[in-house]
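# all I have is the shape, not the residue letters:
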């Protein structure tokens, strides 16, 4: 059972894991042992999520969800399969918690007048430097 929030727990039966060989450092062990863990969670058919939660997860985690509605979390940071499985579960719970949390409304803030004035003063200075650098040609020659 994965505890996501106080009111939402995902049963282990809804999660599936696959293993494969991990890349990166690790010597010869990397070529022999499947330590990379991929956690798969079917968002579209999960009985644990209601329609609103399903919509929030689908929209906020759209880059991680396949067309079939399966959320994938890959863990290959550690050298053991068990450590990577724990890491995948932890990251899965964090992702769902962030997707289901209430996002604070953004308060638009205007640009302070002093910032705008400093920007314009820097532009005037740069313009003056470039004008002073230009070579004047006499029309008589």
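That came through, no problem. Quick caveat, the model's predicted, so the values are computed rather than measured.

# from here on, just use CA atoms for contacts and neighbour counts.
OK.

# now the strands: where do they sit in this structure?
Along the chain, counting by DSSP state E, strands occupy 2-3, 9-10, 15-20, 36-42, 70-75.

# quick one: contacts of stretch 88-105?
Applying Cα atoms under 8 Å, 6 or more residues apart in numbering, the contact partners of stretch 88-105 are 2-5, 37-39, 53, 56-57, 60-61, 73-75.

# looking at those residues, which is nearest residue 121?
Within these, distances to residue 121 taken as Cα to Cα reach their minimum at residue 60, with 41.7 Å.

# what sits against residue 125?
Shown here is residue 125, which makes no contacts under the criterion Cα under 8 Å, 6+ apart.

# likewise for residue 56?
Residues near residue 56 by Cα under 8 Å, 6+ apart: 99-100.

# still on that earlier bit, of all the strands of the chain, which lies closest to residue 113?
Sorting the strands of the chain by Cα to Cα, the top spot, which is the nearest, belongs to strand 70-75 at 45.7 Å.

# that closest one to strand 15-20, inter-axis angle?
Inter-element angle recorded for strand 70-75 and strand 15-20: 50 degrees (by axes from the mean of the first three to the mean of the last three Cα atoms, to 10 degrees).

# centre of the chain to the lowest-mean-pLDDT helix or strand in the chain, how far?
For the chain, the helix or strand with the lowest mean confidence is helix 29-32, at a mean of 72 (criterion: mean pLDDT, DSSP states H and E). Mean-position distance between helix 29-32 and its chain equals 29 Å (Cα atoms, centre = their mean, to the nearest Å).

# follow-up on the earlier one: I'd like the strands of the chain as TSV, with mean neighbour count, distance to residue 127 and mean pLDDT appended.
Below are the strands of the chain laid out as TSV (neighbours: other Cα atoms under 10 Å; distance: least, Cα to Cα, whole Å; pLDDT from 0 to 100):
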stretch	mean neighbour count	distance to residue 127	mean pLDDT
strand 2-3	14	60	74
strand 9-10	16	62	78
strand 15-20	14	60	87
strand 36-42	21	56	90
strand 70-75	20	52	90
